[in-house]
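Undergrad: Fold the following for me, if possible:
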Amino acid sequence: MNKLDLDTLKSWLWDSADILRGSIDSSDFKNYILNLLFLKRVNDVFEEQVEKAIAEGMDAEEAEDEPFIKVPSDARWAFITNKTEGLGIALDKAFAAIEQDEDNKDNLGFDNVLTATKFGDTERLSNEVIQQLLRHFSKHSLRNEDLYKPDFLGDAYEYLIEQFAGDAGKKGGEFYTPRGVVKLIVGLIQPQPGHKVYDPTCGSGGMLIEAARYIGQQPNGLVGDIPNVQLFGQEKNLGTWAIGKLNMVLHRYESADLQKGDTLTHPQHKTDDTSLMLFDRVIANPPFSQNKWWSPIESNLQKKIDPKTGKEKEISPNYNKEVVDPYGRFQYGIPPRGYADLGFMQHMISVLKQNGRAGVVLPHGTLFRGGTEGKIRTKLLQADLIEAIVGLPSALFYNTGIPASIWIINKSKAEQLQKKVIIIDASSNYKEGKNQNSLEAEHLTKVLEAYDGLVDMDKFMRIVPMTEIQENDYNLNISRYIDTSEPEPRVDIKIVRQNIVALETKAAGIDAELQAFLKAIL
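TA: Residues are numbered from 1 along each chain as shown. Take a look at the predicted model:
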């Protein structure tokens, strides 16, 4: 077998989608293909490491204890591919065996990650289709020695997630943030070696992986060949969380702590029952304007103890002000029922260290909407927590065509930025696509250089004093601070009149010439 480069690997994996077409919805392709990718990869590496251990003098039984990820006998690729019937059930058993292995539980923390996808449902996948898939995945070796570098497989994994996000349409935005947007936020918050980085809505883990990649490029950013970083995340959607776990393993971030659950109602990264962990950098692309985010909180807190009387107090599930958060995250106000955006923002602020920075993607409406959101925004500005706002182009995201903005939060601003906000209008800074726009390297460079340079740029960036924002009633609508309109061309009436006279003279000459031709003909 020939060694795989990234382009060959991408093409090979994408071809597997053709085998599935007509059997299942395209939005589900990623679940099946990525699980098989993982199974083939761990099998090939397991065999490679066992063979190496035997060559070094171990007996076969001892050698099978060496690999980091253990592959039980009934999960071996050869065992499965030698079957002719019941392939789907055999795959389900293989994934379960890997998850239930005690060493894998300790090392990987897998719990319903691999078994979330069911291959044994014959109404969706026939034995013949699975057989084709297995033959297709058997074409290439995924041993370390057969790849240009070990994490190339992780890059291919991200490529497939991106492709399936496009295929899934709006649902794709639930698990994938476009790479250009991720790179931009990471470049703005600049995570450093040794940092704890956290994503409260981590999806498939792309933001965390990009943060780790950025750190690995810094001086002293690597421990061996792995970035010097601790990664943490939480994801509500079980299937997306499973993809994120696999993504971490394929990128060799096995120690990444990804938890399941709704971050707003049940945050999982805690030091005790009422205290949340703190992080150096927080990064997120939460679901835009999530509705009814408060319902689980209200259902969980139908009764509470009145601190004054010590008696149980009934809570009305329809009274928004009585949404009580046991972690004290909503210090700047309870977000409205139909818009969770500033709820996620406040969660990120509450878990950010005093010298930390956060970057979050929010819909444009959060910049100017009034009511409760306006009051929260005012308090955030008065607390001098907002360091920068970057307005993004429209049509960047799979789940919405509307433009969005990046908010940069800094609890300890540099002295020259205190009581000021950097505002960047990057709405015209993009590469136009047929169905979706994108941010390329030159677009990222323009924003990052402006942000780092801290010099006003006409029609692009301003460092706006808080007094001006206060005069605008704490409205952060970018057009209030950066004028991108083009001046109307100056009209010289005298020249216009001369041009009109010249045109009239020319028209008269043409009429006379036409009359002469007609007279000659007649």
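
Undergrad: which stretches of the stretch 401-522 of the chain form strands?
TA: Secondary structure of the stretch 401-522 of the chain (DSSP state E, counting those that start in this stretch): strands located at 404-410, 420-425, 461-465.

Undergrad: what residues does the second one touch?
TA: Counting by C-beta atoms under 8 Å, 6 or more residues apart in numbering, the neighbours of strand 420-425 from elsewhere in the structure are 381, 386-391, 408, 447, 450-451, 454, 459-466, 469, 476, 478-479, 481-482, 484. To be clear about C-beta, it is placed using only N, CA and C from the backbone, and glycine gets the same treatment.

Undergrad: what about this structure, any weak spots by pLDDT?
TA: 1-2, 149-155, 157-158, 165-175, 295-323, 399-400, 522 (pLDDT under 70).

Undergrad: need the longest strand for it.
TA: Longest strand in the chain, counting residues (DSSP state E): strand 352-363.

Undergrad: Walk me through which strands it pairs with, and which way each runs.
TA: Within its sheet, and counting by DSSP bridges, strand 352-363 is paired with strand 279-284 (parallel), strand 404-410 (antiparallel).

Undergrad: closest to residue 505 out of the ones you listed?
TA: Nearest of those to residue 505, taken as C-beta to C-beta: strand 404-410 at 55.6 Å.

Undergrad: now that closest one, how far from the chain's geometric center?
TA: On the basis of C-alpha atoms, centre = their mean, to the nearest Å, strand 404-410 sits 14 Å off its chain's mean C-alpha point.

Undergrad: That one to strand 420-425, inter-axis angle?
TA: 160 degrees (axes from the mean of the first three to the mean of the last three C-alpha atoms, to 10 degrees).

Undergrad: Can you list the buried residues in strand 404-410?
TA: For strand 404-410, a neighbour-count test (16 or more other C-beta atoms under 10 Å) marks 404-410 as buried.

Undergrad: And stretch 463-481, by the same measure?
TA: For stretch 463-481, a neighbour-count test (16+ other C-beta under 10 Å) marks 464, 466, 469, 474-476, 478, 480-481 as buried.

Undergrad: domain parsing for the protein?
TA: The chain breaks down into these domains under automatic domain parsing: 6-148, 182-480.

Undergrad: so how far is the first residue of the shortest one from its last?
TA: According to C-alpha to C-alpha, to the nearest Å, domain 6-148 extends 8 Å from its N-terminal end residue to its C-terminal end residue.

Undergrad: ok, now the longest one?
TA: End-to-end distance for domain 182-480, by C-alpha to C-alpha: 27 Å.

Undergrad: same thing with stretch 464-482?
TA: End to end - C-alpha to C-alpha - stretch 464-482 spans 10 Å.

Undergrad: TSV for the domains of the chain, including distance to residue 492?
TA: Formatted as TSV, the domains of the chain follow (distance: least, C-beta to C-beta, whole Å):
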stretch	distance to residue 492
domain 6-148	58
domain 182-480	26
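
Undergrad: List the contacts of residue 263.
TA: Residues in contact with residue 263 (C-beta under 8 Å, 6+ apart) are 200-201, 234, 236, 344, 347.

Undergrad: coming back round to it: for residue 156, find the nearest of the domains of the chain.
TA: domain 6-148 (4.5 Å).

Undergrad: hang on, residue 233 is in a helix, isn't it?
TA: No: according to DSSP: H, G, I helix; E, B strand; the rest coil, residue 233 belongs to no helix; its state is strand.

Undergrad: Now it. Nearest residue, chain neighbours left out?
TA: residue 202 (3.1 Å; C-beta to C-beta, 6 or more residues apart in numbering).

Undergrad: How many neighbouring residues does the nearest residue to residue 30 once chain neighbours are set aside have?
TA: Nearest residue to residue 30, sequence neighbours excluded (C-beta to C-beta, 6+ apart): residue 164, at 4.0 Å. As a burial measure, residue 164 scores 25 neighbours (other C-beta atoms under 10 Å).

Undergrad: coming back round to it: hmm, who's touching the longest strand of the chain?
TA: 177, 181, 185-186, 188-190, 278-286, 288-289, 341-342, 344-345, 348-349, 387, 392, 400, 402, 404-412.

Undergrad: returning to that earlier point: separation between the residue nearest to residue 30 and residue 18?
TA: Separation of residue 164 from residue 18 (C-beta to C-beta, to the nearest Å) stands at 14 Å.

Undergrad: And the strand or helix carrying residue 51, what's buried?
TA: Per DSSP states H and E, residue 51 falls inside helix 29-55. Of all the residues in helix 29-55, those buried under the rule 16+ other C-beta under 10 Å are 29-50, 53.

Undergrad: what's it packed up against?
TA: Helix 29-55 makes packing contacts with helix 6-20, helix 60-63, helix 77-81, helix 87-100, helix 127-137, helix 152-168, helix 238-250 when contacts are defined by 3 or more C-beta pairs under 8 Å, 6 or more residues apart in numbering; DSSP states H and E.

Undergrad: any residues touching the helix or strand following the fourth one, and which ones?
TA: Looking back up the chat, that one is helix 87-100. Downstream of helix 87-100, the first helix or strand assigned by DSSP H and E is helix 102-108. By C-beta under 8 Å, 6+ apart, the residues outside helix 102-108 that reach it are 68-70, 98-99, 110-111, 245, 249, 254.

Undergrad: Just the buried ones among the residues you listed, please.
TA: Buried among these by 16+ other C-beta under 10 Å: 69-70, 98-99, 110, 245, 249.

Undergrad: how about the helices in the stretch 251-400 of the chain?
TA: 295-300, 341-350, 365-368, 371-382 (DSSP state H, counting those that start in this stretch).

Undergrad: With distance to residue 132 and mean neighbour count added, can I get those helices in a markdown table?
TA: Converted to a markdown table, these look like this (distance: least, C-beta to C-beta, whole Å; neighbours: other C-beta atoms under 10 Å):
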| stretch | distance to residue 132 | mean neighbour count |
| --- | --- | --- |
| helix 295-300 | 43 | 15 |
| helix 341-350 | 43 | 24 |
| helix 365-368 | 47 | 20 |
| helix 371-382 | 52 | 18 |
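
Undergrad: can you tell me how far residue 180 sits from residue 55?
TA: Noted for residue 180: a distance of 45 Å to residue 55, by C-beta to C-beta.

Undergrad: could you dump the helices of the stretch 251-400 of the chain to TSV with distance to residue 267?
TA: TSV is the format used below for the helices of the stretch 251-400 of the chain (distance: least, C-beta to C-beta, whole Å):
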stretch	distance to residue 267
helix 295-300	12
helix 341-350	7
helix 365-368	21
helix 371-382	19
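
Undergrad: Point out the one among those that comes closest to residue 224.
TA: helix 341-350 (30.8 Å).

Undergrad: which other helices and strands contact that closest one?
TA: Packed next to helix 341-350, using 3+ C-beta pairs under 8 Å, 6+ apart, are strand 279-284, strand 352-363, helix 365-368, helix 371-382, strand 404-410.

Undergrad: how does it look with 7 Å?
TA: Here helix 341-350 touches strand 279-284, strand 352-363, strand 404-410, going by 3 or more C-beta pairs under 7 Å, 6 or more residues apart in numbering; DSSP states H and E.

Undergrad: looking at those strands, which is buried most?
TA: strand 279-284 (a mean of 25; mean count of other C-beta atoms under 10 Å).
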